[in-house]
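Participant: Just a sequence and a predicted model for now, questions to come.
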Amino acid sequence: MAKNVLGGELQVCGCNPMTGFTRTGFCETGRQDRGSHTVCAVVDEAFLSFTRQKGNDLSTPRPEWGFPGLKPGDRWCVCAGRWEEARQAGRAPGVVLAACHERALDRVALSDLKAHAVDRPQ
């Protein structure tokens, strides 16, 4: 059973659109996931613009890859390193802590994730 950053069971990040490195809706990770798609982000325009400027356009639909393109408010498993870059630039989106895989903590501080949490655990 995969764990989230809070030590509990990993929760679904999003299914519309279907997210996750393995497209299961969970921010699961494994050996082939070199980017560590472990942060469940609620994307906003600032983050979408930031990542587009970094060469990863998440807004434009890519039907050939089955990718509908993201819009503000969508939940998406983003690379922990990119989320951290965005945070340092003041453009990090909100996160769903219960859906962030514990491996995100290899690259991101829990305190930073908590500061951007949209779900407020007890």
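Facilitator: Perfect, thanks for sending it.
Participant: At which residues are the strands of this protein located?
Facilitator: Here the chain has its strands, by DSSP state E, at 39-42, 75-78, 94-95.
Participant: Tell me which strands the second one pairs with, and in which orientation.
Facilitator: Spelled out, that is strand 75-78. Here strand 75-78 has these sheet partners by DSSP bridges: strand 39-42 (antiparallel).
Participant: which stretches of the chain have low pLDDT?
Facilitator: 120-122 (pLDDT under 70).
Participant: rerun at 90
Facilitator: 1, 63, 65-67, 119-122 (pLDDT under 90).
Participant: Name all residues that make contact with the closest residue to Asp57 other than its chain neighbours.
Facilitator: Excluding the flanking residues, the one nearest Asp57 by Cβ to Cβ, 6 or more residues apart in numbering is Thr51, at 7.5 Å. All C-beta spots, glycine's among them, are computed from the backbone N, C-alpha and C. Shown in contact with Thr51 (Cβ atoms under 8 Å, 6 or more residues apart in numbering): 57-58, 78, 82, 86.
Participant: Show only the entries of the residues you listed found in helices.
Facilitator: 82, 86 (DSSP state H).
Participant: If you rank the contacts of Thr51 by neighbours, which is first?
Facilitator: Counting neighbours by other Cβ atoms under 10 Å, Val78 leads the contacts of Thr51 with 30 neighbours.
Participant: for the chain, what spans make up the helices?
Facilitator: 45-53, 80-88, 110-115.
Participant: quick one: the second one to chain centroid distance?
Facilitator: Helix 80-88 sits 10 Å away from the centroid of its parent chain (Cα atoms, centre = their mean, to the nearest Å).
Participant: and what of the shortest one?
Facilitator: Distance of helix 110-115 from its chain centroid, counting by Cα atoms, centre = their mean, is 14 Å.
Participant: quick one: buried residues of it?
Facilitator: Across helix 110-115, burial judged by 16 or more other Cβ atoms under 10 Å covers Leu113.
Participant: Which of the helices of the chain sits closest to Thr24?
Facilitator: Nearest to Thr24 among the helices of the chain is helix 80-88; the distance by Cβ to Cβ comes to 17.9 Å.
Participant: Thank you, goodbye.
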